[in-house]
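K.L.:
got a sequence here, can you build the structure:
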Amino acid sequence: MSSALLNGNTQARTDLVKIKRNIKSVQSNLAKPELEINHVRWDSYIDHWTRLQKIQQRLQF
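P.N.:
Residues are numbered from 1 along each chain as shown. Next up is the predicted model:
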């Protein structure tokens, strides 16, 4: 997707925005304290996506 955007495929931008929204929704659900899935693995997942989001924000097109 990202390489498609870099190569001028404007549809890829729309797709990336949709994917980003879906990821935020999943992250919100995973962060709910009532869920029993807040283990090291999930914390690691959330940390990874947070870092990717920060990088993505610096690379806005």
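
K.L.:
and the host helix or strand of residue 13, what does it pack onto?
P.N.:
In this structure, residue 13 is located in helix 10-30 according to DSSP states H and E. If contacts are counted by 3 or more C-beta pairs under 8 Å, 6 or more residues apart in numbering; DSSP states H and E, helix 10-30 sits against helix 2-6, helix 40-58. All C-beta atoms are positioned from the backbone trio N, CA, C, and that covers glycine.

K.L.:
so for that helix, what gets flagged as buried?
P.N.:
Judged by neighbour count (16 or more other C-beta atoms under 10 Å), helix 10-30 contains these buried residues: 12, 16.

K.L.:
so that helix versus helix 40-58, what angle?
P.N.:
Per axes from the mean of the first three to the mean of the last three C-alpha atoms, to 10 degrees, the angle that helix 10-30 makes with helix 40-58 is 140 degrees.

K.L.:
now do helix 10-30: distance to the chain's middle.
P.N.:
In terms of C-alpha atoms, centre = their mean, to the nearest Å, the gap separating the centre of helix 10-30 from the centre of its chain is 6 Å.

K.L.:
for stretch 7-16, same thing?
P.N.:
Relative to the chain's own centre, stretch 7-16 is displaced by 16 Å; criterion: C-alpha atoms, centre = their mean.

K.L.:
cool, stretch 50-61 as well?
P.N.:
Using C-alpha atoms, centre = their mean, we find the averaged C-alpha position of stretch 50-61 to lie 9 Å away from the chain's own average C-alpha position.

K.L.:
cheers, nothing more for now.
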